[in-house]
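**Student:** One predicted model, sequence on top.
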Amino acid sequence: MTMNYLAWVHKIVPNACSLYHFEGFDKSYLLNEGIKVEDQYPDGVYFDMHPERPHDILLVDSLFNTDNELVISEPLMNFFIEKKFTNLEFLPVKIMDHKGKFIDEKYFIMNVLEHQNCLDTDASDAEISIIDDKIIESVEQIVLIDENVDESFDIFRMTGFPAATLIKESLAKEIADNGFTGIEFIPLDQFDGM
């Protein structure tokens, strides 16, 4: 059954912008827990472009950032909205360029709600945080506990390990067929890292 899911990772695109600081939302940790935040999400939240990559300004549909947020373009957001998934919320986020100005293009954080407690930590060779044993810092691969996966979700994140977003193969194919950029989908046993 888990063969029906792939991991969403950022595709390396030459000169694509990558994001650095995430500013303006003091409760950003809630995004890592899959908690709905739109009622407490303020105006003016932004990422800035990575200062050490001043020539990387190409805008793709899914922007890399070290906060593991899914920062997606307006067209990609609209694609998901049309699907009427119940476990997603979209939060506007501005992007500041290398000159300190906000770009015109609209981007959104896609907050994936209702995380599933389905990661087999032993089989995934998971590294558990020494500070909080509910947090998984990294894995060698993703192995799921099949009976804990709610297959009604086409896209989801796992409890304690929001660094990975899992997506059904059929949906991944549709995203690829629509030409959205900055994304690739890999088998779960090839996901290695944070």
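**Tutor:** Received it, and whenever you're ready, just let me know what you need. Numbering: from 1, shown residues only.

**Student:** And the residue nearest the centre of the protein?
**Tutor:** L70 (3.2 Å; Cα atoms, centre = their mean).

**Student:** which residues touch it?
**Tutor:** By Cβ atoms under 8 Å, 6 or more residues apart in numbering, the residues touching L70 are 8, 62, 109-112, 165. In this view, the C-beta of every residue, glycine as well, is placed from N, C-alpha and C.

**Student:** please redo it, this time with the cut-off set to 7 Å
**Tutor:** 62, 109-110, 165 (Cβ atoms under 7 Å, 6 or more residues apart in numbering).

**Student:** List just the nearest of those residues to F25.
**Tutor:** I109 (9.0 Å; Cβ to Cβ).

**Student:** Can you tell me the element the nearest residue in space to the closest one that is not next to it in sequence falls in?
**Tutor:** Spatial nearest neighbour of I109, chain neighbours left out: L91 (4.4 Å); criterion: Cβ to Cβ, 6 or more residues apart in numbering. If you go by DSSP states H and E, L91 is part of strand 88-96.

**Student:** export that strand as CSV, just CAs?
**Tutor:** Taking Å, rounded to 0.1, in the frame of the first residue of the first chain, the C-alpha atoms of strand 88-96 are listed here in CSV:
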residue,chain,number,x,y,z
LEU,A,88,-4.7,21.9,3.7
GLU,A,89,-4.7,25.6,4.5
PHE,A,90,-2.9,28.4,2.5
LEU,A,91,-1.2,31.2,4.2
PRO,A,92,0.1,34.2,2.3
VAL,A,93,3.8,34.9,2.6
LYS,A,94,5.8,37.7,0.9
ILE,A,95,9.2,37.1,-0.6
MET,A,96,11.8,39.8,-0.1
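
**Student:** Pull out the buried residues from that strand.
**Tutor:** 88-96 (16 or more other Cβ atoms under 10 Å).
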